[in-house]
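Peer 1: What follows is a protein structure lacking sequence information:
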């Protein structure tokens, strides 16, 4: 138990959901044809996707564009695939790619996302061990990290 109340957790999860929806929204608004795998995932998990943001008034504007994308591509796929023949992921991706050529819906525009990075006073305490850990794991060298001060916390 981390000591957080259910209300605090709900607020954190709500903010996380909002951030995820903002990123998805920016992607489908500004770069949809280059993100066909995202469309596939949204269609594949559309019930969970819509359930996650549905019914929360503050998320409804963010869900409008996602719902439009899911609806448009689902209809195109349903029209072109044989209901008696299960579709392979490859055939669904091809249908998404073909449908993306006719995509012309006007989505609701939101302000461009801006995130700022706030550097800690001593970023090297995180980054130096992290980078060396990556180097060590990919170098193939036999190195005892337990005997190195670089890999131990202070």
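Peer 2: Yep, that arrived. If you're wondering where the values come from, they're calculated on a predicted model, not measured in any experiment. Numbering: from 1, shown residues only.
Peer 1: What are the buried residues along the longest helix seen in the chain?
Peer 2: Across the chain, the longest stretch assigned as helix under DSSP state H is helix 6-31. By 16 or more other CB atoms under 10 Å, the buried positions in helix 6-31 come out as 21, 24, 25, 27, 28. Yep, even glycine has a C-beta here, placed from its N, CA and C like the rest.
Peer 1: With respect to residue 137, which of those is nearest?
Peer 2: Using CB to CB, residue 27 is the member of those that sits closest to residue 137, with 30.5 Å.
Peer 1: list the contacts for that closest one?
Peer 2: 35, 38 (CB atoms under 8 Å, 6 or more residues apart in numbering).
Peer 1: Could you give me the buried positions within the host helix or strand of residue 60?
Peer 2: In this assignment (DSSP states H and E), residue 60 forms part of helix 60-80. Buried residues in helix 60-80, counted by 16+ other CB under 10 Å: 62, 63, 65, 66, 67, 69, 70, 72, 73, 76, 77.
Peer 1: so what's the last one closest to, chain neighbours aside?
Peer 2: With sequence-adjacent residues excluded and distances taken as CB to CB, 6 or more residues apart in numbering, residue 77 is closest to residue 95, at 4.8 Å.
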